[in-house]
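Q: I need the structure of the sequence given here:
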Amino acid sequence: MYHQLRLKTIFCLKSLSHFKHQRYSSSNLTFTNPNAHLTPTTSLNQQDFTYIVSSNKKITNFIRAGNLDSALSVFNGMKFKTTITYNSILNGYSKKQGKIKEARDLFDKMPERDCFSYNTMLACYLNSGDVVAGKRFFDEMPVKDVTSWNTMISGLCRNGMMSEAEEMFLAMPEKNGRSWNAMISGYVEEGDLEAALELFKDVPTKCVVTWTSIITGYMKSRKVGLAENMFKEMPEKNLATWNAMIAGYVENGRAEDGLLLFRKMIDLRVEVNQSSLSSVLLGCSNLSELKFGKQVHQLVSRSPLSVDTTVGTALISMYCKCGNLEDASKLFLEMPFKDIVTWNAMISGYAQHGQGKESIRLFDEMTNQGLTPDRITFVGVLIGCSHAGFVDLGTQYFENMEASYGVKQTSDHYSCMVDLLGRAGKLAEAKELIAKMPFRPHAAVFGTLLGACRIHKNVEMAEYAATNLLNCNPLNAAGYVQLANIYALKNEWANVSMIRKSMKQTRVVKYPGYSWIEIKNVVHEFRSGDRIHPELKDIHNKLYELERKMKLAGYVPDLDFALHDVEEDQKEQLLLRHSEKLAIAFGLLRLPTEIPIRVFKNLRVCGDCHQATKFISEIEGREIIVRDSSRFHHFKDGKCSCGDYW
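A: Okay, here's the model as predicted:
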């Protein structure tokens, strides 16, 4: 079975919209002289006035670019300052976490304050999460306008205090569109779609922000059809509306629709931003749409967003998840500024591709540059150690996380350690670690242990892992399937039958394994024993040819991975028609020799397919990249990047 996703050439981005500068006039400025203890100055010549206006604009531009240090440098160097100058710096503090003390000190030093000053100081408190201090400041404000009330309501909503926000909303002496939008967005973020819709009905004048909030609410509630209807009915759309739809499609497993909508957005010349690109690149990652991702990269490279750290990080993540580690690494090296998220993306990318040494090297380089790792960093590092078999090193990182870096161990880190120990055959140690967890183990921990039990064919430990996994989630198909597979490896067919019967009784749905490959913008999907693909005859002929050559080269089918109680020759035929082998054979038939064959699989690649792909890469002289549910495998010249440790 296969489906098609045609990609149209993407047009270049327009230049980013210019920010509108605040207008100044001598009649509405209050000038202060820091050298005269901030005493108001009564007269200035035109040159001084021009200098102040120019300096204020510089500060505003620096604040908008997120460069508070440069803004402060201009501020501290100014001989004369205006209320607008102070307000701009105060606004900069409001956008930075941990700057509440500096903001309050500046506010207290202001010779004169206006309503904007008070509202900005209020925003500083609320953005820092100090709602109590913010409410106290609000109550003490000498004058409150509608913006003051909206700032307070928005802060309460952001901090999940919807009942308090609703109480304040009802008490407002005057409401505007932002008041209604703040409440609706708050309900949406809290997941209370019913309350958001009820308020939506009462909005006197619905603007594009109001409609977009409801679209976001529908998407969060997985009501994609209702979101689509509203999108079509909206009298006006803005960039946030398009972004909400694209992100919603991707989050709801409909990334293909998200990519198509992004293409339509570009065709209509709607300018994109960080959010648009991050969502569409995540969609490319989910679909393994490398070609579309490259087109997005071309779009970005011709725009001011080419130097944006968030967009660059999204591109790195896309390349890594689509199997193109070379381009990800190149882009990483070229980025002018990297934040912790950028480093994490590259560290995780190396880890998923089995290059544990590179993950560790990058981690050391990052810490040597003075960056502090976070919990995501250590997930990447531990995965890298696990996939490379660095048991002792991984254990050392795990044990020293909090003492050396102040990062507390989470359930994700414990899952990585169980995987690390399990892959190395240390199943007893993995079980012991689970018992020592300071919180209740979740299903993924036992699922990881169960996967390791299959590798090492340990039935007793598998039963322990499966029992606990199903206690956490009785409808988890993987628990039943993995245990049944382990019984099959031991030829315990009665137990296999018992497991399958239990699945039917509890109505557990087993999702079938499948593989896919993209050729000329068409995604071809294969299932094991596929009978639908129109070119199946040619594919089977290619597989028979490969089978003869592989056996002459020393390949012996691993019948342990033919999990059916049938004769050996039937097992060989079942193995030969596994979904990844069908996809690889099709790639050999249709792709030029200089292009790597990239195959993606929704489950873990089986041991026989892994061994066979090594032989195929050498016989055919081709590079074959297989991404399964766990990692990437790069096959070349009869070897795999995982070193057979997977």
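Q: Tell me where the protein has strands.
A: In the chain, strands defined by DSSP state E lie at 2-4, 31-33, 39-40, 81-82, 514-519, 522-527, 597-601, 624-627, 632-636, 639-640, listed in chain order.
Q: want to throw the ones you listed into JSON lines with mean pLDDT?
A: As requested, the strands of the chain are arranged in JSON lines below (pLDDT from 0 to 100):
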{"stretch": "strand 2-4", "mean pLDDT": "37"}
{"stretch": "strand 31-33", "mean pLDDT": "43"}
{"stretch": "strand 39-40", "mean pLDDT": "39"}
{"stretch": "strand 81-82", "mean pLDDT": "90"}
{"stretch": "strand 514-519", "mean pLDDT": "92"}
{"stretch": "strand 522-527", "mean pLDDT": "92"}
{"stretch": "strand 597-601", "mean pLDDT": "93"}
{"stretch": "strand 624-627", "mean pLDDT": "93"}
{"stretch": "strand 632-636", "mean pLDDT": "91"}
{"stretch": "strand 639-640", "mean pLDDT": "90"}
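Q: Which of those sits closest to Gln369?
A: For those, proximity to Gln369 was assessed by Cβ to Cβ; strand 632-636 is nearest, at 26.9 Å. From N, CA and C alone the C-beta is placed, and that goes for glycine too.
Q: picking up where we left off before, how about CSV for the strands of the chain, with mean neighbour count and distance to Gly217 added?
A: CSV is the format used below for these (neighbours: other Cβ atoms under 10 Å; distance: least, Cβ to Cβ, whole Å):
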stretch, mean neighbour count, distance to Gly217
strand 2-4, 13, 30
strand 31-33, 19, 47
strand 39-40, 11, 50
strand 81-82, 24, 42
strand 514-519, 22, 33
strand 522-527, 20, 31
strand 597-601, 25, 33
strand 624-627, 22, 34
strand 632-636, 22, 37
strand 639-640, 18, 46
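Q: can I get the ones you listed in TSV with distance to Gly554?
A: TSV is the format used below for the strands of the chain (distance: least, Cβ to Cβ, whole Å):
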stretch	distance to Gly554
strand 2-4	33
strand 31-33	85
strand 39-40	91
strand 81-82	81
strand 514-519	25
strand 522-527	26
strand 597-601	22
strand 624-627	18
strand 632-636	16
strand 639-640	14
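Q: nearest to Ile347, of the ones you listed?
A: Proximity to Ile347, assessed across the strands of the chain by Cβ to Cβ, is greatest for strand 632-636 (14.7 Å).
Q: Taking strand 597-601 as reference, get the angle to that closest one.
A: For the pair strand 632-636 and strand 597-601, the angle between their directions (axes from the mean of the first three to the mean of the last three Cα atoms, to 10 degrees) equals 150 degrees.
Q: biggest helix in this protein, by residue count?
A: When the chain is scanned for its longest helix (criterion: DSSP state H), the result is helix 46-64.
Q: what's near enough to touch Val250?
A: By Cβ atoms under 8 Å, 6 or more residues apart in numbering, the residues touching Val250 are 258, 279-280, 282-283, 286.
Q: Turn those residues into JSON lines, columns for neighbour count and distance to Thr212.
A: Below are those laid out as JSON lines (neighbours: other Cβ atoms under 10 Å; distance: Cβ to Cβ, whole Å):
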{"residue": "Gly258", "neighbour count": "24", "distance to Thr212": "16"}
{"residue": "Ser279", "neighbour count": "27", "distance to Thr212": "14"}
{"residue": "Val280", "neighbour count": "32", "distance to Thr212": "18"}
{"residue": "Leu282", "neighbour count": "20", "distance to Thr212": "19"}
{"residue": "Gly283", "neighbour count": "28", "distance to Thr212": "19"}
{"residue": "Asn286", "neighbour count": "19", "distance to Thr212": "23"}
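Q: Can I get the residues you listed in TSV including distance to Asn541?
A: Conversion of the contacts of Val250 to TSV gives the following (distance: Cβ to Cβ, whole Å):
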residue	distance to Asn541
Gly258	38
Ser279	42
Val280	39
Leu282	39
Gly283	36
Asn286	33
